[in-house]
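**Q** Just a sequence and a predicted model for now, questions to come.
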Amino acid sequence: MALIELDDVRRTFTVRAKTGRLRREKREVRAVDGLTFTVEAGECVGYIGPNGAGKSTTIKMLTGILVPTAGRLRVAGVDPARERVALARRIGVVFGQRTTLWWDLPLRDSYELARRLYRIPDHRYRANLDRCVELLDLGALLDTPVRQLSLGQRMRGDLAAALLHDPRVLYLDEPTIGLDVVSKAKVRDFLREVNRDLGTTVLLTTHDLTDIEQLCDRVMVIDHGRVVHDGGLEALHAAGDSERTLVVDLAGSHPPIEVPGARVVRVEGPRQWLAFPAQESAAPVVAAVAARYPLVDLSVREPAIEDVIARMYAEVAIG
Ligand SMILES: Nc1ncnc2c1ncn2[C@@H]1O[C@H](COP(=O)(O)OP(=O)(O)OP(=O)(O)O)[C@@H](O)[C@H]1O
């Protein structure tokens with residue numbers, strides 16, 4: 001059963017662009033330019049694309065914040081812009097950059113408000129809260145005002161808030177942005193469980209390819225408001241053929257170092273950048289560097305989603 005359905009959905013904006021010292025001309029921006037796709041119940045779909053591709057505009061239409069200029073759109077059987085109250089009961093939304101929690105209130109009070117707002121039956125509320133508290137490790141934080149939470153703690157708090165009313169669809173917009181490695185892992189583990197155990201349908205927008213790799217079976221790439229790829233992750237991997245980068249700081253300047261399984265792509269004083277295949281673990285490369293060179297510090301960088309998408313285009317163009 002399709003939970004998200006878009007049929008030739010379009011959304012244009014009229015902007016006034018400066019064309020001279022005093023002249024301004026109206027110009028139409030096609031933010032979403034004929035999107036047609038469906039997402040089945042229980043899927044976890046990555047929705048990615050370069051900046052300005054139309055991702056936020058799509059999510060805003062799916063949450064009823066924006067009305068499409070043309071086309072047909074359904075989420076869990078309702079028209080988002082026309083039936084916003086019915087929609088609210090069926091969806092959960094988490095924006096990495098903003099919080100839906102009450103800033104000055106303890107987490108517990110925000111949850112209590114959600115319980116009343118959505119008229120969540122007591123037994124569901126209890127069960128969902130207990131589950132989230134356990135899986136997201138929120139027990140010690142429930143009585144802390146939201147403004148005192150760290151970004152990672154707040155994000156976990158937001159995830160719980162989005163799920164208390166048993167939504168059938170969960171939209172996630174950059175859920176791991178700005179989080180440290182441990183918090184990212186916690187959030188991803190939780191989302192995997194929600195998708196697998198509760199069957200919640202997830203649409204995930206992110207610039208972090210690891211989010212997609214660890215959570216999604218399907219990825220849609222959009223650009224200029226259109227779908228340019230819809231399918232499994234193999235295309236991403238193939239296109240990416242992607243490489244991650246290990247950045248090492250040595251005790252002093254050194255000619256390009258030599259380690260099996262990686263190649264130096266840049267050297268700046270004591271710092272060197274080593275590219276290695278994205279699907280391989282960084283551990284052997286780190287161990288090899290540490291065994292042979294005076295290693296002071298290191299970090300691993302993921303491939304930029306923009307680069308991977310650019311390579312996908314190149315592959316399509318080549319054939
Ligand atoms: N309210 C608006 N008024 C005018 N133009 C807009 C408006 N909202 C979005 N746009 C334009 O529509 C296009 C798509 O924007 P959108 O925010 O959907 O992209 P995005 O894929 O979410 O990008 P990002 O990754 O940077 O968040 C862009 O060209 C943007 O400038």
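**A** The structure has been received and is ready for your questions. Numbering: from 1, shown residues only.
**Q** could you say which helix or strand contains Ala310?
**A** Per DSSP states H and E: Ala310 is located in helix 305-318.
**Q** So Glu28 sits against Arg10, correct?
**A** No - at 10.9 Å, Glu28 does not count as touching Arg10 under the criterion of C-beta atoms under 8 Å. C-beta here means a position set from N, CA and C on the backbone, and glycine is covered the same way.
**Q** ok, the two, which is more surrounded?
**A** Remark: of Glu28 and Arg10, Arg10 carries more neighbours, 16 against 10, as counted by other C-beta atoms under 10 Å.
**Q** quick one: contacts for the nearest residue to that one once chain neighbours are set aside?
**A** Using C-beta to C-beta, 6 or more residues apart in numbering and skipping the chain neighbours, the partner closest in space to Arg10 is Ala70 (4.4 Å). Contact partners of Ala70, counting by C-beta atoms under 8 Å, 6 or more residues apart in numbering, are 8-10.
**Q** go on, Thr144?
**A** Thr144 sits next to 106-107, 153 when contact means C-beta under 8 Å, 6+ apart.
**Q** try it again with 10 Å
**A** Contacts of Thr144 were listed using C-beta atoms under 10 Å, 6 or more residues apart in numbering, and they are 106-108, 138, 153-154, 157.
**Q** residues from the chain in reach of the ligand?
**A** With C-beta under 6 Å from any ligand atom as the criterion, the chain comes near the ligand at residues 13, 15, 29, 31, 49, 51-57.
**Q** Could you rerun that using 8 Å?
**A** 13-15, 29-32, 49-60, 205, 207, 222, 225 (C-beta under 8 Å from any ligand atom).
**Q** give me the number of residues near Asp189?
**A** The local packing count at Asp189 equals 14, with neighbours defined by other C-beta under 10 Å.
**Q** In this structure it contacts Leu135, no?
**A** Yes - using C-beta atoms under 10 Å as the test, Asp189 is close enough to Leu135 to be in contact (7.7 Å).
**Q** what secondary structure does the closest residue to Asp180 other than its chain neighbours sit in?
**A** What sits nearest to Asp180 in space, not counting adjacent residues and going by C-beta to C-beta, 6+ apart, is Gly152, at 6.5 Å. At Gly152, secondary structure determined by DSSP: H, G, I helix; E, B strand; the rest coil is helix.
**Q** Identify the residues contacting Gly152.
**A** Each residue near Gly152 by C-beta under 10 Å, 6+ apart is listed here: 176, 178-180, 182-184, 186-187.
**Q** Pull the most distant pair out of the residues you listed.
**A** For the contacts of Gly152, with distances taken as C-beta to C-beta, the pair at the greatest spread is Gly178 and Lys186 (14.1 Å).
**Q** Comparing the two, which residue is more hemmed in?
**A** Lys186 (19 against 12).
**Q** tell me which element that one falls in.
**A** helix 181-193.
**Q** What's the mean pLDDT across that helix?
**A** Helix 181-193 shows a mean pLDDT of 90.
**Q** What of stretch 232-247?
**A** 75.
**Q** Ok, stretch 153-165 next?
**A** Averaged across stretch 153-165, pLDDT comes to 94.
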